[in-house]
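Enquirer: I would like to see how this sequence folds:
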Amino acid sequence: MSTSRRPPISTSGSSISTTPRSVSACRPRNSICGPISGPTLVWLADLSFYLLIMGRLGPVAAAVTTNLNINFMRKPEPADLLGEGRLMKLGRALAVGDFTIRSDGSDEPVAHATLTYSLPRTGR
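Expert: Below you'll find the predicted structure:
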């Protein structure tokens, strides 16, 4: 497992997230470590994009995913996953962006997601 760590949120409108392979891919019951599952990749993209929005707006309790489309491009390497998100539009009602996931040490994307979040109407 790699020891490189990146900040979870940056203020430039993008986010970097990591998930250790040992947490996401190993099944404790039978101690088998296999490829990281598709639902884990979806979880990483969705949670990280939510944190990106929270980093820009502060806590928003009723922000919800309204659309998430993910393309799985290749099997992840046996390494940590690194994700980078981009907030493309932050409006009054919607936040739109994308998220790319790579294996640590590789420039080739494992998955790419586009996301839309519905934001509660407030006095922002």
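Enquirer: what ranges do the helices span in this structure?
Expert: Counting by DSSP state H, the chain has helices at residues 21-24, 38-57.
Enquirer: Need these in JSON lines (columns: mean neighbour count and distance to Asn69).
Expert: In short, each C-beta sits where N, CA and C put it, glycine included. Shown next, in JSON lines, are these (neighbours: other Cβ atoms under 10 Å; distance: least, Cβ to Cβ, whole Å):
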{"stretch": "helix 21-24", "mean neighbour count": "14", "distance to Asn69": "21"}
{"stretch": "helix 38-57", "mean neighbour count": "18", "distance to Asn69": "10"}
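Enquirer: closest one to Glu77 among the ones you listed?
Expert: Taking Cβ to Cβ, helix 21-24 is the member of the helices of the chain nearest to Glu77, at 9.0 Å.
Enquirer: State the number of residues packed around Asp104.
Expert: 19 (other Cβ atoms under 10 Å).
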